[in-house]
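Asker: What follows is a protein structure lacking sequence information:
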C-alpha cells in the first residue's frame, strides 16, 4: 500500500455465510483524490464501502485510515473523519423527524459547539433554504433529500466521503446538479471521495482513477484518461465499456 494514502484496503475479504462478497481487494486513495469502484450489480463494490464504514463483516484483510488499521466497531473519531452518503436518500432519513432534528443529532453526539449555526450554514451550502429545516423527508423531492444527506455528512467536517451510488435514484437533470455540488465541495474542502457507481458517465465525470470489479475481485485499475480513451487491458473491462457505449462524458455536458 502507498504510505502516503489516506484510505486503503489490503487484501480485504468480506463473507456472508459461504458467500465471499469481496475477495482479496486492495487499493489506496491519496488525500484529495476521487477514486471510483465500478462494476455490475453484485460485483462487491457497495459491500466494500460498507466494510470500510463498519457495516459489513470483515473476514480478513485490513482497512487503513491515514496509515492506522481500523479494528472492530467504528468509533466517534472515525465518524468525524469518514462519512457515508447512501444510494437511497429517502431510506437514509428518518421519516418522522424534521430535517433540523436529523442534522442536529450527530452534532449533539459529537458535542460540536454552535450547533444551530452549523446546521443553518450547511443547509445553505448544499443549495437549500433554511425553511427546509422544518420539513419532513416526504415533503422533499429526491434531489432535495440527497442534498440533505450530503449536508448531514458534511456536518462532521470529514476528510473522506464514501459515496454509494449517490445519484442513481435521480433523473438526469437532478443528477447533474448533485454531481456539480459534489465536485464543488471536493474542491472547497479538499475532500477525498470513494465513489461507487455502475454508471461510467458518473465515474468519468468525477473520478481521477477507478477500479473495475467482478464477483468481489479487482479486475483492472484505470485512470480517467484510460476510461475516456476506452483503453482497457482486461477482457471484462473491455466488455463493460462496450456495453456502455451510450456513455459519453459529453452526455453530462451540464456538469462541471
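Answerer: Structure's in. What do you need? All values reported here derive from a predicted model rather than from experimental measurement.
Asker: Next, the distance between the ends of stretch 25-35.
Answerer: 14 Å (CA to CA, to the nearest Å).
Asker: meant to ask about stretch 48-62
Answerer: By CA to CA, one end of stretch 48-62 lies 11 Å from the other end.
Asker: Helices along the stretch 151-256 of the chain, start to end?
Answerer: 172-189, 200-206, 224-229, 235-243 (DSSP state H, counting those that start in this stretch).
Asker: which one of those helices is the most hemmed in?
Answerer: Ranked by mean neighbour count, these are led by helix 200-206 with a mean of 24 (mean count of other CB atoms under 10 Å). Every residue, glycine included, has its C-beta placed from N, CA and C.
Asker: what about residue 145, distance to residue 124?
Answerer: 17 Å (CB to CB, to the nearest Å).
Asker: ok, the most centrally placed residue in the chain - contacts?
Answerer: Closest to where the C-alpha atoms of the chain average out (CA atoms, centre = their mean) is residue 163, at 1.1 Å. Residue 163 makes contact with 84, 85, 182, 193, 194, 195, 196, according to CB atoms under 8 Å, 6 or more residues apart in numbering.
Asker: Switch those residues over to TSV; also include pLDDT and distance to residue 98.
Answerer: Output for those, formatted as TSV (pLDDT from 0 to 100; distance: CB to CB, whole Å):
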residue	pLDDT	distance to residue 98
84	96	22
85	95	20
182	96	25
193	98	28
194	98	30
195	98	29
196	97	29
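Asker: Select only the buried ones of the residues you listed in ChimeraX?
Answerer: To isolate the buried ones among those in ChimeraX, judged by 16 or more other CB atoms under 10 Å, type:
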select :84,85,182,193,194,195,196
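Asker: among the contacts of residue 163, which are in strands?
Answerer: The strands, defined by DSSP state E, take in 84, 85, 193, 194, 195, 196 from those.
Asker: which residues touch the closest residue in space to residue 244 that isn't next to it in sequence?
Answerer: Distance criterion CB to CB, 6 or more residues apart in numbering; nearest residue to residue 244, sequence neighbours excluded, is residue 200 at 4.7 Å. Going by CB under 8 Å, 6+ apart, residue 200 touches 38, 227, 240, 241, 244, 247.
Asker: do you know how far residue 200 is from residue 206?
Answerer: Per CB to CB, residue 200 is found 11 Å from residue 206.
Asker: where do the strands sit along this structure?
Answerer: Applying DSSP E to the chain gives strands spanning 7-16, 19-29, 34-38, 58-65, 68-69, 82-85, 160-164, 192-197, 209-214, 217-223.
Asker: would CSV of these with distance to residue 177 be doable?
Answerer: Compiled in CSV, the strands of the chain are given as follows (distance: least, CB to CB, whole Å):
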stretch, distance to residue 177
strand 7-16, 27
strand 19-29, 25
strand 34-38, 18
strand 58-65, 30
strand 68-69, 36
strand 82-85, 15
strand 160-164, 15
strand 192-197, 16
strand 209-214, 23
strand 217-223, 27
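Asker: So what touches stretch 165-177?
Answerer: 46, 85-89, 127, 141-143, 146, 149-150, 178-179, 182, 195-199, 202, 252, 254-255.
Asker: so can I have JSON lines of the contacts of residue 163 showing distance to residue 231?
Answerer: Shown next, in JSON lines, are these (distance: CB to CB, whole Å):
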{"residue": "84", "distance to residue 231": "31"}
{"residue": "85", "distance to residue 231": "30"}
{"residue": "182", "distance to residue 231": "26"}
{"residue": "193", "distance to residue 231": "23"}
{"residue": "194", "distance to residue 231": "23"}
{"residue": "195", "distance to residue 231": "20"}
{"residue": "196", "distance to residue 231": "22"}
